[in-house]
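Chemist: Please work out how this folds:
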Amino acid sequence: MMRPSLAVTVAFCLGALAPAFAQTRDFSGVWLYEPSKSETAYSKPVGRILTVVDERSRVTVTLSKTGLPIAIEKYSCTTDGAATRAASGPESVTWTLRREGQTLVWHGVRTANNASIGFTERWSLSPDGNTLTVDRVYAVSPEAAATHPERSQIKEVFTKQPSRKR
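Modeler: Here you go, the predicted structure:
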């Protein structure tokens, strides 16, 4: 029979370790953009699809649109915060990605035509795992933020699509 102090110690250790195992959520899936649930000053394009492959240490995202046979954009980053650079024509993006609890946090700088804009995206899942919310904050100049505050913060909502049986 365990002594009370040993039982309390074991229970405490198990309780302390449980959150470490429950912290990581799997963002994998095919996600359809929900314009009616999103908050953005820009046009709300219908038919945007994110395909996410979350392998814990690496996340790969493919952006596509219904009806188009090719991907619009694809990027892949390790979750250790190491910088990843992707180039497409005159534009380049440098990304870093980290897991913060149950959230994916992307930091990026998009450069084109000698101009750069920084941004941070915080990806979170609903408790049931069927809704992906992307909160994006752009690093804009103070002047731009004062005159167009709606352009510095965007919330995009995506709904997980049923997986296809093969």
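
Chemist: and the nearest residue to residue 34 once chain neighbours are set aside, what pLDDT?
Modeler: Leaving aside its sequence neighbours, residue 34 sits nearest to residue 157 (CB to CB, 6 or more residues apart in numbering; 4.6 Å). Where C-beta positions appear, they are placed from N, C-alpha and C, glycine not excepted. Looking at residue 157, its pLDDT is 95.

Chemist: Please work out which residues outside the one helix or strand residue 157 maps to touch it.
Modeler: Assigned by DSSP states H and E, residue 157 falls within strand 153-160. Outside of strand 153-160, the residues within contact range by CB atoms under 8 Å, 6 or more residues apart in numbering are 29-34, 37-42, 50, 129-138.

Chemist: Next step: these restricted to helices.
Modeler: Members of the contacts of strand 153-160 lying in helices (criterion: DSSP state H): none.

Chemist: Just the buried ones from those residues, in PyMOL syntax?
Modeler: Command for PyMOL, covering only those of the contacts of strand 153-160 found buried under the criterion 16 or more other CB atoms under 10 Å:
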select buried, resi 29+30+31+32+33+34+38+50+131+132+133+134+135+136
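
Chemist: Now intersect the contacts of strand 153-160 with the strands, please.
Modeler: Under the assignment DSSP state E, the contacts of strand 153-160 contribute 29-33, 50, 131-138 to strands.

Chemist: one step back: now do the strand holding residue 157 against strand 131-139, angle only.
Modeler: Interaxial angle, strand 153-160 versus strand 131-139 (axes from the mean of the first three to the mean of the last three CA atoms, to 10 degrees): 160 degrees.
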